[in-house]
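In: please work out how this folds:
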Amino acid sequence: MSKAEVLLSCVFTLASPLSAWASRGSNQEGQAPMQPQHPSSEAVQQTTDPVSLRARLQQLGVQLTVTYYGDALGNPSGGVHRGLRYEGRLGAIVDADLDRLTGWSGATFHASLHQIHGSGLSAANIENLMVVSGIEAPAATRLFNLWIEQAFGDKASLRLGQFTAAQEFLVSQNANLFVNSTFGWPVITAANLPSGGPAYPEATPGARLKLTPHERLTLMAAIFDGDPAGPGPGNPAERDPSGTAFRVSDPPLIIVEMAYAYHRGKQAGPQTNPNQEGSGERTSAQPSPSAADATESGLPGSIKAGAWFHTGSFADQRFDTAGGPLAASSSQPLRHAGDVGFYGVFDQRLWRAGGGASDRGLSCFLRVSAAPSDRNLIDRYLDLGLTWKGPVASRPDDTLGIGLAFGRVSPRAAARDRELVALTGMPMPIRDHEAAIELTYQWQLAQHWALQPDVQYIDHPGGHVPDPLDSTGASAIRNATVLGMRALSRF
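Out: Numbers count the residues shown, from 1 in each chain. As a prediction, this is how the structure comes out:
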């Protein structure tokens, strides 16, 4: 992509919400500040659909949504290289009610296409594991989702097709605000599973069964192809640049989750996680609020517990096939049959501003996960944070958030590094962990547009690995500070 195209993408993304905000009018001297007014849906519809194609499709039960995410991020310090990068993702999303469209009762269809352009900061500048942007991927135009879901009353549904685990499993509602990808699909699964697992940008064929035996309880189980892009070197998305690999013969990945929600009144917090396509849909295992829930006085929250199991073969982090240390061997790593991981997710509203049904207030989240240390690079993971919806009364739709993520490098991988140092006598960093701290503010300029200033600090990029620019191999990649802005729109 040329520099001119990048500049035009930035201008379009930033100028659209700013012009909409500015057109609302200015304050008059001596009067109270004006409350932000969202443009009507009718006005937006006329602007984005001048020939009424979308309106006619909607009458047939087909909804077309267009989203755009634009991330301008730079690392003024740390990493391998310093600089500024821009990456954007234009998405076209189609949802169809097959009952209205074809008479197929209880069935829905969903498809999405992404046009990704620019270059990502993590891959180009920092070389860290917790990718600083949730939309970062090699430039391409690629298929993402393509599935049909059949509902069986209001208690069960079955989804078949190409999709991701990251849209429904291991999701924290309150962590959706953050820009760093680990707050969506965490690094413990992204680093350990083949091709990063079934997560953006690699959807893969699968089947998911969802049961809701009680309005507050949801049970889900899914099976996916276990290697979305297939084996090979480099970025998995470059092995499947179009998103149409449709692999079905790899050892499968199975994932199950139970979610219990309580005091479910009006949902709080932003719904902007790029893994959920930014369409406004809420696809995670979150039971819908009922009328009874809306009248409860308690603060809403949810608890989730889940596990995944991969049936493939995984390399040991320390030993070779003979049981000796890999650091002193030219043999292949010892292979382990299968891999497994366990996780828990906790979301909780801590305080509601204004009382009643207001969705302004303070919320928190906590996720923990563990996997065997012998066959996984990251064996322990934790993230937690706070989000504050409507921190200023005059801007009830803005959200402020701070989050912390920590992934521990397996002790076996660290032991391999120490053995290599002892064997060669050459000093080198010993891998231990990677952590990310993020402070962000989502500024809702209009109903369909928002800007999000963002600050991140990456501790021990890559898990404390050697700096590739240091020929001696003795120094690690420096801790990185990331500054930037996200622009997002949906219409």
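
In: tell me the phi and psi of the residue nearest the centre of the chain?
Out: In the chain, the C-alpha nearest the mean C-alpha coordinate belongs to G184, at 3.1 Å (Cα atoms, centre = their mean). When read as degrees, to the nearest 10, the backbone of G184 gives phi -100, psi -90.

In: next, work out how far apart it and L170 are.
Out: Distance, G184 to L170, by Cβ to Cβ, to the nearest Å: 9 Å. Yep, even glycine has a C-beta here, placed from its N, CA and C like the rest.

In: shouldn't the residue nearest to the centre of the chain be in contact with L177?
Out: No - counting by Cβ atoms under 8 Å, G184 does not reach L177; the two are 10.5 Å apart.

In: ok so, going back, quick check: pLDDT value at the residue nearest to the centre of the chain.
Out: Looking at G184, its pLDDT is 97.

In: contact partners for P252?
Out: With contact taken as Cβ atoms under 8 Å, 6 or more residues apart in numbering, P252 is in contact with 223-226, 310-311.

In: between the residues you listed, which is nearest P453?
Out: F224 (35.5 Å; Cβ to Cβ).

In: the stretch 101-250 of the chain: strands as residue ranges?
Out: Remark: strands assigned in the stretch 101-250 of the chain by DSSP state E, counting those that start in this stretch are 107-118, 140-152, 156-163, 204-214, 217-224.

In: may I see these organised as JSON lines, with mean pLDDT and mean neighbour count added?
Out: JSON lines is the format used below for the strands of the stretch 101-250 of the chain (pLDDT from 0 to 100; neighbours: other Cβ atoms under 10 Å):
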{"stretch": "strand 107-118", "mean pLDDT": "98", "mean neighbour count": "20"}
{"stretch": "strand 140-152", "mean pLDDT": "98", "mean neighbour count": "17"}
{"stretch": "strand 156-163", "mean pLDDT": "98", "mean neighbour count": "18"}
{"stretch": "strand 204-214", "mean pLDDT": "97", "mean neighbour count": "18"}
{"stretch": "strand 217-224", "mean pLDDT": "98", "mean neighbour count": "20"}
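
In: as CSV, these with distance to L64 would be great.
Out: Formatted as CSV, the strands of the stretch 101-250 of the chain follow (distance: least, Cβ to Cβ, whole Å):
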stretch, distance to L64
strand 107-118, 10
strand 140-152, 14
strand 156-163, 19
strand 204-214, 24
strand 217-224, 27
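
In: among the ones you listed, which comes closest to H464?
Out: Taking the strands of the stretch 101-250 of the chain one by one with Cβ to Cβ, strand 107-118 is closest: 28.3 Å.

In: name every strand pairing with that closest one and say which way it goes.
Out: Using DSSP bridges, strand 107-118 pairs in its sheet with strand 83-97 (antiparallel), strand 140-152 (antiparallel).

In: between those strands, which gets nearest to L420?
Out: The minimum distance between L420 and those falls on strand 83-97, with 31.4 Å, by Cβ to Cβ.

In: per-residue confidence averaged over the closest one?
Out: On average, the pLDDT along strand 83-97 is 97.

In: got the buried residues for it?
Out: Neighbour-count burial for strand 83-97 flags 85-91, 93-97 (criterion: 16 or more other Cβ atoms under 10 Å).

In: apart from its neighbours in sequence, what residue is nearest R100?
Out: Using Cβ to Cβ, 6 or more residues apart in numbering and skipping the chain neighbours, the partner closest in space to R100 is G61 (3.1 Å).

In: pull the number of nearby residues for the one you found.
Out: Residues within reach of G61, counting by other Cβ atoms under 10 Å, total 16.

In: residues contacting it?
Out: Going by Cβ under 8 Å, 6+ apart, G61 touches 96-101.

In: quick one: it from A96, how far?
Out: Distance of G61 to A96, computed by Cβ to Cβ: 6 Å.

In: now swap in S373 and tell me
Out: For S373, the distance to A96 - Cβ to Cβ - is 45 Å.

In: and for N192?
Out: Separation of N192 from A96 (Cβ to Cβ) stands at 35 Å.

In: what's the answer for L217, then?
Out: From L217 to A96 the distance is 29 Å (Cβ to Cβ).

In: T182 too?
Out: When T182 is compared with A96 (using Cβ to Cβ), they lie 33 Å apart.

In: what's the answer for L483, then?
Out: On the measure of Cβ to Cβ, L483 and A96 end up 41 Å apart.

In: how deep is G103 tucked in, by neighbour count?
Out: 8.

In: what does M258 give?
Out: 16.

In: cool, V131 as well?
Out: With other Cβ under 10 Å as criterion, V131 counts 24.

In: tell me the bridge partners for the residue nearest to V256 when sequence neighbours are not counted.
Out: Nearest residue to V256 in three dimensions, chain neighbours excluded: A221, at 4.6 Å (Cβ to Cβ, 6+ apart). Beta bridges link A221 to L209, V256 when assigned by DSSP bridges.

In: gap between A221 and A370?
Out: From A221 to A370 the distance is 20 Å (Cβ to Cβ).

In: what does V345 give?
Out: V345 is 13 Å from A370, by Cβ to Cβ.

In: mind checking which of the two has more residues around it?
Out: V345 (26 against 18).

In: no more questions from me, cheers.
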